[in-house]
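# Below: sequence and its predicted model.
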There are 2 protein chains.
Amino acid sequence: MSRFISSKFDSLKPYEPGEQPTDKKYIKLNTNESPFSPSPLVQKAISDEEIRSLRLYPDPNANCLKNSLSKHYGVKKENIFIGNGSDEILALIFLAFCDEKTGMAFANITYSFYPVYCNLYNIKAEQIPVNSNFSINPRDYFNCSNNIIIANPNAPTGIALNIDDIESIIKNNKDRLVVVDEAYVDFGAKSCLPLIKKYDNLLIVRTFSKSRSLAGARIGYAFGNESLICDLEKVKFSFNSYTNSRLSLVAAIAALEDEDYFLKCRGVIIKTREKTYKQLKKLNFILLPSLANFIFAKPPVFISASSYYNKLKQMGILVRYFKNSNIDSWVRITIGSSEEMDTFIEKTKLIILEAQNENCKNGTQNK
Amino acid sequence: MSRFISSKFDSLKPYEPGEQPTDKKYIKLNTNESPFSPSPLVQKAISDEEIRSLRLYPDPNANCLKNSLSKHYGVKKENIFIGNGSDEILALIFLAFCDEKTGMAFANITYSFYPVYCNLYNIKAEQIPVNSNFSINPRDYFNCSNNIIIANPNAPTGIALNIDDIESIIKNNKDRLVVVDEAYVDFGAKSCLPLIKKYDNLLIVRTFSKSRSLAGARIGYAFGNESLICDLEKVKFSFNSYTNSRLSLVAAIAALEDEDYFLKCRGVIIKTREKTYKQLKKLNFILLPSLANFIFAKPPVFISASSYYNKLKQMGILVRYFKNSNIDSWVRITIGSSEEMDTFIEKTKLIILEAQNENCKNGTQNK
């Protein structure tokens, strides 16, 4: 730290994104990316003419993409906000709607960027414990004294709430903002989108990074009441007018047009997830019921999550391990391609077998 | 505004980017974009393979681009920060280094985003008047009680300070951060880059938007002391890990490689600026000596800036007019292509002639 940084940041602890080691080529199952390339329409949309147009600023209002999303999801343009990935939208939401008086409430096991935003803006973080099975109890969020953010499905557990439960939280917090982070909603959970017409205190945050295979393009979007969107625009235009690259906007529009491709990729990922779930179950992993493009898994008793993670990495497979956290006996495994998951299961079997043998040997020795 | 926005934003007034009307095709001389497409190497760099890789997150540390900038400018990687356009970097700088105790000082005529950042974060804005000829007096900035930001060349005047003057400001504020916004430095001014090795309180902010023809890609960068860069990284990773699109990073690297193209385009823009300057001078405009890719101009007495701007717009030419500001008798004219500027001068002559005739007629009538 320099002597110039504001003292308000004395204890700032940034978010740690998934590692990207460059020492060799890994099977990347650690940042919830799609195993599929973006739709071929994206390839076509990024034309030579579009590249030549990079000399020009993008439309700061992202009107074209708003029009596409409006048509696709049947919501008015005024109910749509576009950001530089859903993380930027979340960062702007925490800034716009929270302050020293009104903090943000969220599960004690959820997306680990939420407490970082609180820290960044000096906002109170109210962490609400999940149930022993990692599920969220909606009643714990009723009549909250802070704004609320819920990832649905939750990360890194993959567990989804049903809409009635979310609606009960929204209804019981009429004077609080409720943010539903639907980054992973396309892999089997139900979206709260129909509720934005009914409630003025609901914001839904989405992304093109996962189900649209565009993590590298940095496009997030939000749905909500017109006045909430206005507030977000106001704060955005006080931070950075042009947040999205021209080519990313074009890519997002093209990806949205290719519904067949989207459904096909999503179908394969869900199928592969269910297959991987069964295989890990057989290997005595403890698993949570995931509706996302990842599985949260606790290895069998005789091997620690940390050791399992390290052995996989040595074998060229990256999964996400949350060191020094309240979930450090678990790993989060992104659903890759069918072939990648076959290799993953094969290597996991080897690791488990070895650990089991080691364990038996030690057990025998200890007798 | 919704009833949920934080009361701290009751008087937030966002920055207004240059208009982008879509009713017809305009000659755009209003947002300081380059008249030239990005280097052909950019076209090549955005390959099919890169587009397919959009499924993956970008490198959150932008190491490849840092390596290129490091080589190109002869500074260490540790002295380089990458952001989503220079506006995002400025937004992060105001957030990181200013607070309720330490505000930001800047000229009363400069980039109009600076006071917006102050407003956004509740930071004191110390506005220092420019001289009557719009130049900055370095001594006005000595022993400042706040951090300092100077656009060099200044926007929208185009007037540049020499390095000795900037160094005197840095020297006389050893316990304050001095930010030099060099968005337009490539069009004839001298960069402060050599000073970052000498001073730990200097940050230089740059962009690929203007001289590298990549406004649509959203890539900004900053140079400074290692510990200042560390601070910026810390705040960035608490806001948004992945701020740059993969294709934008690739485009920036390619643009940086094509030095011949860069020099050629820059040369033409400077030549066209000088020609346009002489032509406007002949038409009795009051002009400031610009070292940027724009000219700040006050139309002759018999026509107001507002009227001149409106008439140009009717004729299909957009220039920047700062309504309701302390510079509302001036317009800022971006240097477009040689052909665009010929049309601009031709239309300007018509407007001036008409206004002059109108003026004479009224004068005769009033006699």
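Cool, the structure landed. No experiment lies behind these values; they were computed from the predicted model shown.
# Would you mind listing what in the stretch 101-250 of chain A touches chain B?
Counting by Cβ under 8 Å from any Cβ of the partner chain, the positions of the stretch 101-250 of chain A adjacent to chain B are A:102, A:116-117, A:119-120, A:147, A:175-177, A:200-201, A:209, A:213-218, A:225, A:227-228, A:230-231, A:233-248. The way it works is simple: take the backbone N, C-alpha and C, and place the C-beta from them, glycine included.
# how many other residues sit next to the residue nearest to residue A:297 when sequence neighbours are not counted?
Once flanking residues are discounted, residue A:297 sits nearest to residue A:285: 4.7 Å by Cβ to Cβ, 6 or more residues apart in numbering or on different chains. Using other Cβ atoms under 10 Å in any protein chain shown, residue A:285 has 21 neighbouring residues.
# Let's see the pLDDT reported for residue A:285.
pLDDT recorded at residue A:285 is 98.
# repeat for the one 10 residues further on
On pLDDT, residue A:295 comes in at 98.
# which residues touch residue A:67?
Listed by Cβ atoms under 8 Å, 6 or more residues apart in numbering or on different chains, the contact partners of residue A:67 are residue A:77.
# Over to it. Which of the three states is it?
helix (DSSP: H, G, I helix; E, B strand; the rest coil).
# Break down chain A into its helices, ranges please.
For chain A, the helices defined by DSSP state H occupy A:40-45, A:48-52, A:63-73, A:85-97, A:114-121, A:163-171, A:226-236, A:246-257, A:259-282, A:305-314, A:338-366.
# Could the C-alpha coordinates of the fifth one be exported in PDB?
Presented in PDB, the C-alpha positions along helix A:114-121 are these (Å, rounded to 0.1, in the frame of the first residue of the first chain):
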ATOM      1  CA  TYR A 114     -20.800  -9.600  -1.700                       C
ATOM      2  CA  PRO A 115     -18.800  -9.000   1.500                       C
ATOM      3  CA  VAL A 116     -16.100  -7.400  -0.600                       C
ATOM      4  CA  TYR A 117     -18.500  -4.800  -2.000                       C
ATOM      5  CA  CYS A 118     -19.600  -4.000   1.600                       C
ATOM      6  CA  ASN A 119     -16.000  -3.600   2.600                       C
ATOM      7  CA  LEU A 120     -15.300  -1.300  -0.400                       C
ATOM      8  CA  TYR A 121     -18.100   1.100   0.300                       C
END
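# Just the residues contacting it, thanks.
With contacts defined as Cβ under 8 Å, 6+ apart, helix A:114-121 is touched by A:11-15, A:90-91, A:94-95, A:98-99, A:103-104, A:106, A:123-125, A:127, A:149, B:235, B:238-239.
# quick check: angle from that helix to helix B:114-121?
Following axes from the mean of the first three to the mean of the last three Cα atoms, to 10 degrees, one obtains 120 degrees for the angle between helix A:114-121 and helix B:114-121.
# In JSON lines, list the helices of chain A along with mean pLDDT.
Output for the helices of chain A, formatted as JSON lines (pLDDT from 0 to 100):
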{"stretch": "helix A:40-45", "mean pLDDT": "98"}
{"stretch": "helix A:48-52", "mean pLDDT": "98"}
{"stretch": "helix A:63-73", "mean pLDDT": "98"}
{"stretch": "helix A:85-97", "mean pLDDT": "98"}
{"stretch": "helix A:114-121", "mean pLDDT": "97"}
{"stretch": "helix A:163-171", "mean pLDDT": "98"}
{"stretch": "helix A:226-236", "mean pLDDT": "98"}
{"stretch": "helix A:246-257", "mean pLDDT": "98"}
{"stretch": "helix A:259-282", "mean pLDDT": "98"}
{"stretch": "helix A:305-314", "mean pLDDT": "98"}
{"stretch": "helix A:338-366", "mean pLDDT": "90"}
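# got TSV for these, with distance to residue B:64 too?
What follows is the helices of chain A, written out as TSV (distance: least, Cβ to Cβ, whole Å):
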stretch	distance to residue B:64
helix A:40-45	22
helix A:48-52	19
helix A:63-73	27
helix A:85-97	19
helix A:114-121	26
helix A:163-171	41
helix A:226-236	28
helix A:246-257	17
helix A:259-282	28
helix A:305-314	23
helix A:338-366	25
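# between those helices, which gets nearest to residue A:141?
Shortest distance between residue A:141 and the helices of chain A, using Cβ to Cβ, is found for helix A:163-171: 4.6 Å.
# Just the buried residues of the closest one, please?
Buried residues in helix A:163-171, defined by neighbour count with 16 or more other Cβ atoms under 10 Å in any protein chain shown: A:163, A:165-170.
# Which one of the residues you listed is nearest to residue A:349?
residue A:165 (37.3 Å).
# Quick check: residue A:326 touching residue A:108?
Yes. Between residue A:326 and residue A:108 a contact is recorded at 6.7 Å, counting by Cβ atoms under 8 Å.
# and the residue most central in space within chain A, what is it in contact with?
Taking Cα atoms, centre = their mean as the criterion, residue A:183 is the residue nearest the geometric centre of chain A, at 4.7 Å. Residues near residue A:183 by Cβ under 8 Å, 6+ apart: A:86, A:111, A:151, A:155, A:205-207, A:209-210.
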